[in-house]
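Chemist: Structure, please.
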Amino acid sequence: MLLRHVTIGKFCSMSGYTEDAVRSKIKRGDWLEGKVWRYAPDGRVLIDLGGYEAWVTGQSGMESGRLLGEASKSTSIFGAYAAANG
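Modeler: Numbering: from 1, shown residues only. From the prediction side, this is the model:
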């Protein structure tokens, strides 16, 4: 199962970013709440993988009814990660 929202720790193991780097991007506002990250009901910070990919490619907002950055599993680095580590 491919998750859309993952903890900072899981995201770091997938992306190579450190937890400090992720928290800095959130604190500085480089990553917007509701786009790249959000709070879970239990208060933990979760990273939105689709939002992260949209940020990486410089895309934002909606296009044709779907969030930009929601790449197909064949083109997504996270889809490839999930397939390899499923």
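
Chemist: Residue 22 contacts residue 46, doesn't it?
Modeler: No - under the criterion of Cβ atoms under 8 Å, residue 22 makes no contact with residue 46, lying 11.2 Å away. The C-beta positions use only the backbone N, C-alpha and C, and glycine is treated the same way.

Chemist: what residues are shared contacts of these two?
Modeler: residue 8 (Cβ atoms under 8 Å, 6 or more residues apart in numbering).

Chemist: Which one's more surrounded, those two?
Modeler: Using other Cβ atoms under 10 Å, the more surrounded residue of residue 22 and residue 46 is residue 22, with 22 against 18.

Chemist: Quick one: the helices in this structure, in order.
Modeler: Secondary structure of the chain (DSSP state H): helices located at 8-15, 19-28, 49-56, 77-85.

Chemist: Please provide the alpha-carbon coordinates for the third one, formatted as PDB.
Modeler: Backbone C-alpha positions of helix 49-56 (Å, rounded to 0.1, in the frame of the first residue of the first chain) are rendered in PDB as follows:
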ATOM      1  CA  LEU A  49       4.400  13.100  -0.700                       C
ATOM      2  CA  GLY A  50       2.400  14.500  -3.600                       C
ATOM      3  CA  GLY A  51       2.900  18.000  -2.200                       C
ATOM      4  CA  TYR A  52       6.600  17.400  -1.800                       C
ATOM      5  CA  GLU A  53       6.900  16.200  -5.400                       C
ATOM      6  CA  ALA A  54       5.000  19.300  -6.600                       C
ATOM      7  CA  TRP A  55       7.400  21.500  -4.600                       C
ATOM      8  CA  VAL A  56      10.400  19.700  -6.100                       C
END
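
Chemist: I am finished for the moment; much appreciated.
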